[in-house]
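# Got a predicted structure here, sequence first:
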Amino acid sequence: DAKTTQPPSMDCAEGRAANLPCNHSTISGNEYVYWYRQIHSQGPQYIIHGLKNNETNEMASLIITEDRKSSTLILPHATLRDTAVYYCIRQIQGAQKLVFGQGTRLTINP
Amino acid sequence: ETGVTQTPRHLVMGMTNKKSLKCEQHLGHNAMYWYKQSAKKPLELMFVYSLEERVENNSVPSRFSPECPNSSHLFLHLHTLQPEDSALYLCASSQVYGASYEQYFGPGTRLTVT
């Protein structure tokens, strides 16, 4: 049970911002939100994680709602290489078990 | 290049064969993982090694046998597999202690059982 809900697929135009939503309405106080992506036939790649504050790194931004029941991953200027399946995962910090759901298949169109 | 390598990248084996998958991490991590990804299914965690001790075995059949000789190497020994075991097998590593626990994945071994 992945315990997060994501749309199965999304499309975005190249150069635009891609906003990927995730619902985690039953998240516990000690669970972080992690995002990974998997480009076709490769291993998953870590993107970003957060607890309750918004986070930004060189790959993406993570916006977490104040009640922590949902979050949005933002790829600010999507490129064709961002086409992948994106996974939103709840994880207790330090816990070693990652439970992957089906994720969102993001397609970036030229 | 994630710092996690897996060999071989592709493997075809018969149901009576014995083979091993190898994973090596160059990140100084002290936890290692095996995942299985079958077609159109989510990644499934198979085994977790933390500080070289197996800490999780997710009801994996005994025809899959993991081995972790040190914190940098992880093996998955395979014997008498079934066609439904054909899948992408992924290795990952992470820290056990510290500020960040994200997992770094290798490229995977594409296994076909004939």
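Cool, the structure landed.
# Now stretch B:21-32 - C-alpha only, CSV.
Extracted C-alpha coordinates of stretch B:21-32, given in CSV (Å, rounded to 0.1, in the frame of the first residue of the first chain):
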residue,chain,number,x,y,z
LEU,B,21,23.6,-10.7,-9.9
LYS,B,22,26.2,-8.3,-8.5
CYS,B,23,25.9,-4.8,-7.2
GLU,B,24,28.6,-2.4,-6.0
GLN,B,25,28.3,1.0,-4.5
HIS,B,26,31.0,3.7,-4.4
LEU,B,27,29.2,6.1,-2.1
GLY,B,28,30.3,5.1,1.3
HIS,B,29,26.8,4.0,2.2
ASN,B,30,26.0,1.3,4.8
ALA,B,31,22.6,0.0,3.6
MET,B,32,21.9,-1.9,0.4
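# where's that stretch relative to the chain centroid, distance-wise?
10 Å (CA atoms, centre = their mean, to the nearest Å).
# and that stretch, which residues are buried?
B:Leu21, B:Lys22, B:Cys23, B:Glu24, B:Gln25, B:His29, B:Asn30, B:Ala31, B:Met32 (16 or more other CB atoms under 10 Å in any protein chain shown). In short, each C-beta sits where N, CA and C put it, glycine included.
# per-residue confidence for the last one?
Yep, that's B:Met32 we're talking about. Per-residue pLDDT puts B:Met32 at 95.
# so how far is the strand or helix carrying it from its chain's centroid?
Here B:Met32, judged by DSSP states H and E, is contained in strand B:31-37. Relative to the chain's own centre, strand B:31-37 is displaced by 4 Å; criterion: CA atoms, centre = their mean.
# what's around whichever residue of chain B sits closest to chain A, how many residues?
Closest approach between chain B and chain A, counting by CB to the nearest CB: B:Phe105, at 3.1 Å. Neighbourhood size, B:Phe105 [other CB atoms under 10 Å in any protein chain shown]: 24.
# so, in contact with chain A or not, the helix or strand following the strand holding B:Met32?
For strand B:31-37, the succeeding helix or strand toward the C-terminus, using DSSP H and E, is strand B:44-50. Yes: Strand B:44-50 comes into contact with chain A (CB under 8 Å from any CB of the partner chain), by way of B:Glu44, B:Leu45, B:Val48, B:Ser50.
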